[in-house]
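Participant: Structural data only, the sequence is not supplied:
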């Protein structure tokens, strides 16, 4: 039977070609999706975020700490948001603290003046996405279009070309990395998160999770918006923020831009 199949394969070169094409397609898909393994644990995972393959993260140039390895950096994703962002800006201003806001293009279009205010107050502007989608579901062309639209919206509203990039959910693909590199952007994830997008999040849980073990070089992830999380979840973040700032200050750590 084996000899018969081998004979048929030799007699039918299109069969060999079909197998080769399928093998190449699988290899191409694996290469496209492999950067996702440099991301963080899935959203439902109970522990603090960590790369699935730390060595892969390093080899791809994906960062998760401050550039200097010193201080700690506070970052917010998913804004601007009409209520959440002003609440965070007010508290940051009262403490003289700086943060980085990874903006979503479609939210910038809804709140352009608020996006501009973030930049005017001296905070750093990062690129998140235009529409908040898992990149593993997008084609290369869709990724390029999404990023281009987001950059255009952010530049129009803030006058800033974002040089930091963070994908939705911390999940990357090869095209997103290529685009970031081509534009000279640093891809920055995080070391600690508050899981503040959850319905069950409280100021106490956000504080405990985002500061647990945070030390020199840490990058903290919070959210100033609830458009992609539980309605009103930004309120727990706003209530936790003063205590987050106090806790890191008590550890002798300086807030820096990443």
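Facilitator: Noted; the coordinates are in hand. If you're wondering where the values come from, they're calculated on a predicted model, not measured in any experiment.

Participant: hang on, residue 112 packs against residue 155?
Facilitator: No. Contact between residue 112 and residue 155 fails when scored by C-beta atoms under 8 Å: they sit 11.1 Å apart. In this view, the C-beta of every residue, glycine as well, is placed from N, C-alpha and C.

Participant: Please enumerate the helices of the stretch 1-150 of the chain.
Facilitator: All helices of the stretch 1-150 of the chain, identified by DSSP state H, counting those that start in this stretch, fall at 2-11, 13-33, 54-60, 84-95, 105-110, 112-120, 140-158.

Participant: what comes up buried for the last one?
Facilitator: In other words, helix 140-158. Residues 143-144, 146-147, 149-151, 153-154, 157-158 are the ones in helix 140-158 that count as buried (16 or more other C-beta atoms under 10 Å).

Participant: In CSV: those, plus pLDDT.
Facilitator: Converted to CSV, the buried residues of helix 140-158 look like this (pLDDT from 0 to 100):
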residue, pLDDT
143, 97
144, 97
146, 98
147, 98
149, 98
150, 98
151, 98
153, 98
154, 98
157, 98
158, 98
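
Participant: Export those residues to TSV and append columns for distance to residue 233.
Facilitator: Output for those, formatted as TSV (distance: C-beta to C-beta, whole Å):
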residue	distance to residue 233
143	27
144	31
146	24
147	26
149	26
150	22
151	27
153	24
154	23
157	24
158	25
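
Participant: Out of those, flag the one nearest to residue 90.
Facilitator: residue 158 (19.0 Å; C-beta to C-beta).

Participant: That closest one: what's its closest spatial neighbour, skipping adjacent residues?
Facilitator: Counting by C-beta to C-beta, 6 or more residues apart in numbering, residue 158 lies nearest to residue 119, which is 4.1 Å off, once chain neighbours are set aside.

Participant: need the contact list for the one you found.
Facilitator: The contact partners of residue 119, taken as C-beta atoms under 8 Å, 6 or more residues apart in numbering, are 125, 158-160.

Participant: Residue 242 reaches residue 88, doesn't it?
Facilitator: No. If you go by C-beta under 8 Å, residue 242 and residue 88 don't touch, sitting 10.9 Å apart.

Participant: circling back to that earlier point, with respect to residue 174, which of the buried residues of helix 140-158 is nearest?
Facilitator: residue 143 (9.2 Å).

Participant: about what we covered before: show me how to select, in PyMOL, the buried members of the contacts of residue 119.
Facilitator: To isolate the buried members of the contacts of residue 119 in PyMOL, using 16+ other C-beta under 10 Å:
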select buried, resi 125+158+160
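
Participant: and the contacts of residue 119, which two are the farthest apart?
Facilitator: Farthest-apart pair in the contacts of residue 119 is 125 and 159; separation 9.5 Å (C-beta to C-beta).
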